[in-house]
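Trainee: please find the sequence and the predicted model below.
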Amino acid sequence: MIVLQAAHITKIPGPVQSLARFFHEKKGTTCYQILHPLDNSQINSLLKKDGKVIVKKKRFLLGPVKYFSSFSLTLKWLKKLPKGVDLGIGMNCFDTLALIVARSLGLKKITQIIFFNTDFSRIRFQNPILNHIYIAIDKWAAKRADFLCCNTKRTIRVRIKEGIDKNKIIYTPNGVFLADIGKIKEKKTFLPWLVYVGSLNKDHGLQNVFPFLAKTNLKLFVIGSGPDEPYLKKMVKNYRLAKQVSFLGVMEHQQVIAFLKNFSGFGLAPYNKSSDWVYYADPVKIKEYLACLVPPVTNETTEIAQIIKRKKMGFVYKKNPEKIFKRIASLDNSEYQKIINNIEKYRETFDYQKIYQKVLEFRLSK
C-alpha cells in the first residue's frame, strides 16, 4: 500500500508524527510525507519516504501567504511520487485541499483521501476576512474528502450540523503508543505533588493555578517552556511559591514519560477558554498522564474532562481548583489507589495502535 501524508508541523511531535510512525511500522506499506512549517515555525518543507528526507526546501514566509505557498509546493512535489497513491491523508484543511485538487485535475491518482482533522476551530484567524476564507476551505475539504477523522465528539456534532455525512466520519481520539510506556509499578505511594507538562503560554492556563496553590502546601513540578515562562516565574516570586514550584525546563519525550511513570501525584491540565480550539481539543498531555497512571486535575473546558469526571479517573473543577487542591492535600493512599485502578480500566481505549487500525478497517469496509 502506498500512503501519502500531507501536513504542517512544529518542532514539537504530535499526531502527525504518531500517524506516520504507525504506517512506517506497517508491513507492506510505503509512507511518503510532504511536511511544511506551521505558523512561524522555523522548519524546512520536507518530502520524505519512510522517514528519510528526499527533498527539502527552506521557506520562512509569514502569515497566510505561507499556506498558499505550501499548497503550490505540495502540488509540485506530488509529481515526484509513484503514479498511484492508495491513501492520501491531509492533516489540516489546506493539506487536504491540495490532495483533492490534485486528484480532481488528474495530477495524481489517489484512490482514497482522508481529512484527518486533529485541530478543529471556527475562530482560526482574528482577521474576519481571513477567518471566513479559512472556514470556507475547511468545509469544502471536509465535504469532498472520502473520509473525515475527528478526535472529539464535539467536533463530530458540528461537522454533521454543517452538512457532513455522518457515515463517512471516523471518531479518532488522540492517544499514545502504550507499548512505549512499558511496565508501571502496580501500586504508587501517594505524595501531595502536582506536575505540569506542556507549553508555558496563557492558553494552557497555568497562570490561573498559582493563586490557589499558595493556599496549600502542595508541590508543583513544571516541565516545558514557552513565551510566558518569564511571566509565570514572576508570578511564582510574587506569590512566594519558590519552595513549592520547581521549573524543570524542557525534557526529551522519553524523559517525560519516565518521570510520569514514577510520579505519585496528580497531573495538571488547567486549560481555559481563551481560544476556540481548546473547547474542541483532545489534549495528548492528558492522555499521557493517564497512560502513565497519573490522575489529571483539569477544568471542564475540554471533552476529555467529562470522561475523567464520569469514570472517576481524576478531578475536574469549574471556576478554580481551590477545593480540589485542598482535597488532594488531605487525600490518603487508599483513595489515590482507587483512582489509579479506575484509570487502568480505561487506558487501553486510547492506544494509538488500536485507534489507527480502526481507521484502516473503516476505509476498507466502504
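Mentor: It's in.

Trainee: counting neighbours, what do you get for Thr357?
Mentor: That one is not Thr; residue 357 is Gln. Gln357 has 13 neighbours, counted by other CB atoms under 10 Å. Backbone N, C-alpha and C define where each C-beta goes, glycine included.

Trainee: ok but it is inside a helix, no?
Mentor: Yes: counting by DSSP: H, G, I helix; E, B strand; the rest coil, Gln357 is found in a helix.

Trainee: need the pLDDT of it.
Mentor: The confidence metric pLDDT takes the value 96 at Gln357.

Trainee: now it: how far from Glu25?
Mentor: From Gln357 over to Glu25 the distance is 11 Å, taken as CB to CB, to the nearest Å.

Trainee: swap in Phe94?
Mentor: Going from Phe94 to Glu25 by CB to CB gives 27 Å.

Trainee: these two: which is more packed in?
Mentor: Between Phe94 and Glu25, counting by other CB under 10 Å, Phe94 is the more crowded of the two (23 against 11).

Trainee: name the spans of the chain whose pLDDT lies under the cut-off.
Mentor: 39-42, 59-64, 274, 366 (pLDDT under 70).

Trainee: outside of the helix ranked longest in it, which residues touch it?
Mentor: Using DSSP state H, we find that the single longest helix of the chain is helix 128-144. By CB atoms under 8 Å, 6 or more residues apart in numbering, the residues outside helix 128-144 that reach it are 64, 90, 93-94, 96-97, 100, 115, 117, 122-125, 148, 159, 162-164.

Trainee: ditto for stretch 30-38
Mentor: With CB under 8 Å, 6+ apart, stretch 30-38 has contacts from 1-10, 16, 20, 23-24, 43-51, 59-60, 66, 70, 73-74, 77-78, 81, 85, 95.

Trainee: which among those residues count as buried?
Mentor: Buried subset of those (neighbour count, 16 or more other CB atoms under 10 Å): 2-9, 16, 20, 23-24, 43, 45-48, 66, 70, 73-74, 77-78, 81, 85, 95.

Trainee: those in strands, which ones?
Mentor: 2-9, 45-48, 85 (DSSP state E).

Trainee: closest one of the residues you listed to Val236?
Mentor: Closest approach to Val236 among those (CB to CB): Ile9, at 31.8 Å.

Trainee: the closest one and Leu81: what is the separation?
Mentor: As judged by CB to CB, Ile9 and Leu81 stand 19 Å apart.

Trainee: if we can go back for a sec, need the ones in strands among the buried ones among the contacts of stretch 30-38 in a markdown table with distance to Ser104, can you?
Mentor: Converted to a markdown table, those look like this (distance: CB to CB, whole Å):
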| residue | distance to Ser104 |
| --- | --- |
| Ile2 | 19 |
| Val3 | 20 |
| Leu4 | 16 |
| Gln5 | 19 |
| Ala6 | 15 |
| Ala7 | 20 |
| His8 | 21 |
| Ile9 | 26 |
| Ser45 | 23 |
| Leu46 | 25 |
| Leu47 | 22 |
| Lys48 | 25 |
| Val85 | 14 |
